[in-house]
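Chemist: Requesting a structural model of the entry that follows:
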Amino acid sequence: MNNKASSLIAALLVLAPAALAQDGWYTEGDFAPATRVRITLTNSLDIPRTNCPVIIPRRLMPVVSTVEADVTVVDPALPPQPDPSPEMAKAIGSGVTFKETNGHLVPYQLDDLDKDGIWDELFFTSDFKPRETKTFFVYIGVNERGQFEHFTHAEVGSYGKHIVPWWESEYIGWKLWYFSDVDLYGKSKPRLVANHENTSNLSGYTAGSEYGNDIMTVSDTFGAGGVCLFEDPSRPGKPSRARYSPARGKGQLYDTRYAYDVVVNGPLRSVIKVRIMNWRSGQGVYEYEQEYTAYAKQIYSTCKVKFPTFIPENPGTVFGCAMRRIMSEDKTYQKGGTIISFGKNVDIFDPDVRRMYMTKIIVPFEGIALVVKDAYRPQYIRVDDSGGAHGFRVPVTPDGAFEFLIAGAWSEGAVSNTPEKFQQEVLKAAREFNAPIGVTAVELEKK
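Modeler: Numbers count the residues shown, from 1 in each chain. Alright, predicted model coming up:
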């Protein structure tokens, strides 16, 4: 036998026990399921992906009718946990999990996105090596043990005399103070703060505490992101916006109307739905819906836009989205469907309070970004009204839908707190946004 053959056999003997271990059936305490779904996932990118979102549509699953608590997602490559100490078990309470074999429990969500009482997507996050293919198991069986820490939050509440939707990760947060254009707030350390600020009516500008700060002046701008239409070919840089209709200020019976709902609230992703109705721009009649999603351990939010009513007077009307040029903009990065605006020595203090008390809060760095998926063929355009904006024209799609991503960071945050780090993270997020984790195989297995 030659040396190459001997080396190959030796390598296979070493790998065989590991492969068998990852193929073994998971147990946790007295939970020993006999049914599972093997899911094979692939990272098509040549870069590592950390805390990467994974979405498994229900239509791909061979077992679709099950109680939510009877699902257990396991990564067979992770080390199983031992039994907890008595002190740990007491501190955790009834959700405590016990000794595992053949892998480790993965936090997950079964999300009912259309609110018909049936889950639509299995969602979890994982790390992937470049070009890596990984196996996960979804075990089916009665087991109510297990509690998942929340890293995202969404809510709709009365704040500042009107209804405001909020969505956040532990690093960064967003809200719609101005109905259709996103406001941005930063965290000084990883934590969820929207519930506290909302229910306590804390001003995001003046809190100045461990809860972080409002770090965006929106006013009449696009803020950290907003949807628009480009209706007039003779003025390609002049967008139409829902909150600036000809009936502005005439009340809800005549002006554009807004409604908000929480679709999903954690632990790993949270989704806000926005309905914008009765938008009569003077050059068309429109309604559109948005789903803004915050993700665990990420500085970005994605947005799915859908126009159920799209009746333009001008056949050249196209979709659009934009963000303001960040206050004290120092430089920009733009390539393809990605634009990043960097601010230097940014005054983030509330303009009204600043005029009264001559007070400033200056932060060395603040950045925002906007990314439109390449599949929608976005065209970058600089908008000079509304405080100045960076935007994209998006050709009208057959289904009236498109998707974009917004991101934000500041020098006081725990991550992406320099211009270099922020740009690196945004460019990575853009690549991942354009190439979601692929589901390459789904198989039902029984003992």
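
Chemist: Please enumerate residues in contact with the helix or strand residue 182 falls within?
Modeler: For residue 182, the element it lies in under DSSP states H and E is strand 181-186. Taking CB atoms under 8 Å, 6 or more residues apart in numbering as the criterion, the residues outside strand 181-186 that touch it are 168, 172-177, 193, 197, 204, 212-216, 218, 221-226, 241, 243, 292, 366, 368, 406, 408-410, 412-413. In short, each C-beta sits where N, CA and C put it, glycine included.

Chemist: The helix or strand that it is followed by: which residues count as buried?
Modeler: Scanning forward in sequence from strand 181-186, with DSSP H and E defining helices and strands, the next element found is helix 194-199. Taking 16 or more other CB atoms under 10 Å as the basis for neighbour counts, the residues of helix 194-199 that come out buried are 194, 197-198.

Chemist: And the helix or strand immediately after helix 194-199 in the chain, what does it pack against?
Modeler: With elements assigned by DSSP H and E, the helix or strand that comes after helix 194-199 is strand 213-214. For strand 213-214, the elements it packs on are strand 181-186, judged by 3 or more CB pairs under 8 Å, 6 or more residues apart in numbering; DSSP states H and E.

Chemist: Give me the distance from the strand it packs on to the chain's centre.
Modeler: On the basis of CA atoms, centre = their mean, to the nearest Å, the separation between the geometric centre of strand 181-186 and that of its chain is 14 Å.

Chemist: same deal with stretch 418-438?
Modeler: Taking the mean C-alpha point of stretch 418-438 and that of its whole chain, the gap between them comes to 13 Å (CA atoms, centre = their mean).

Chemist: For the buried residues of helix 194-199, give me TSV that also has distance to residue 235.
Modeler: Converted to TSV, those look like this (distance: CB to CB, whole Å):
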residue	distance to residue 235
194	38
197	39
198	39
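
Chemist: show me where pLDDT drops low in the stretch 201-350 of the chain?
Modeler: Scanning the stretch 201-350 of the chain for pLDDT under 70 picks out 203-210, 350.

Chemist: how about a cut-off of 90?
Modeler: Within the stretch 201-350 of the chain, the stretches falling below the threshold (pLDDT under 90) are 201-214, 216-217, 233-238, 247-254, 347-350.

Chemist: Filter the contacts of strand 181-186 down to the ones in helices?
Modeler: When the contacts of strand 181-186 are checked against helices using DSSP state H, the ones located there are residue 197.

Chemist: And the contacts of strand 181-186, which of them are buried?
Modeler: Using 16+ other CB under 10 Å, the buried ones in those are 168, 172-177, 193, 197, 204, 212-216, 218, 221-226, 241, 243, 292, 366, 368, 406, 408-410, 412-413.

Chemist: Just the residues you listed: which are in strands?
Modeler: Using DSSP state E, 168, 172-177, 213-214, 226, 292, 366, 368, 406, 408-410 are the members of the buried ones among the contacts of strand 181-186 that sit in strands.

Chemist: At which residues are the helices of this structure located?
Modeler: If you assign secondary structure with DSSP H, the helices in the chain sit at 3-23, 86-92, 194-199, 351-357, 419-434.

Chemist: need the least confident one among those helices, by mean pLDDT.
Modeler: Comparing mean pLDDT over these, the weakest stretch is helix 3-23, at a mean of 45.

Chemist: that older thread, just want the angle from the strand holding residue 182 to strand 172-178.
Modeler: Computed by axes from the mean of the first three to the mean of the last three CA atoms, to 10 degrees, the angle separating strand 181-186 from strand 172-178 equals 140 degrees.

Chemist: Now do strand 181-186, average pLDDT.
Modeler: Strand 181-186 shows an average pLDDT of 94 in the prediction.

Chemist: got the CA coordinates for that strand in PDB?
Modeler: Taking C-alpha atoms only, strand 181-186 is exported to PDB below (Å, rounded to 0.1, in the frame of the first residue of the first chain):
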ATOM      1  CA  ASP A 181     -39.000  58.400   7.600                       C
ATOM      2  CA  VAL A 182     -36.900  56.600  10.000                       C
ATOM      3  CA  ASP A 183     -35.400  58.000  13.200                       C
ATOM      4  CA  LEU A 184     -32.200  56.500  14.600                       C
ATOM      5  CA  TYR A 185     -31.100  56.000  18.200                       C
ATOM      6  CA  GLY A 186     -27.800  54.700  19.400                       C
END
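
Chemist: Check the burial of residue 338 by counting its neighbours.
Modeler: Neighbourhood size, residue 338 [other CB atoms under 10 Å]: 25.

Chemist: and what of residue 51?
Modeler: Residue 51 is flanked by 14 other residues according to other CB under 10 Å.

Chemist: how about it, what does it touch?
Modeler: With contacts defined as CB under 8 Å, 6+ apart, residue 51 is in contact with 125-127, 295-298.

Chemist: Residue 267: neighbouring residues, count only.
Modeler: The criterion is other CB under 10 Å. On that basis, residue 267 has 18 neighbouring residues.

Chemist: swap that for residue 387, please
Modeler: Residue 387: 16 neighbours (other CB under 10 Å).

Chemist: what's the answer for residue 72, then?
Modeler: If you count neighbours by other CB under 10 Å, residue 72 ends up with 22.

Chemist: what pairs with it across the strands?
Modeler: In this entry, residue 72 is beta-bridged to residue 139, by DSSP bridges.

Chemist: Quick check: it touching residue 146?
Modeler: Yes: in this structure, residue 72 sits in contact with residue 146. The criterion is CB atoms under 8 Å, and the distance is 7.4 Å.

Chemist: Please identify every residue contacting each of these two.
Modeler: Common contact partners of residue 72 and residue 146 (CB under 8 Å, 6+ apart): residue 105.

Chemist: Narrow the contacts of residue 51 to those in strands?
Modeler: 125-127, 295.

Chemist: and which of those is nearest to residue 34?
Modeler: Relative to residue 34, the closest of the ones in strands among the contacts of residue 51 is residue 126; by CB to CB it sits at 24.8 Å.

Chemist: Give the burial count for that closest one, as a bare number.
Modeler: Applying the criterion other CB under 10 Å, we find 21 residues in the vicinity of residue 126.

Chemist: who does it bridge with?
Modeler: Beta-bridge pairing of residue 126 under DSSP bridges involves residue 52.

Chemist: right, and it touches residue 56 too?
Modeler: No: counting by CB under 8 Å, residue 56 is not a contact partner of residue 126; they are 11.8 Å apart.
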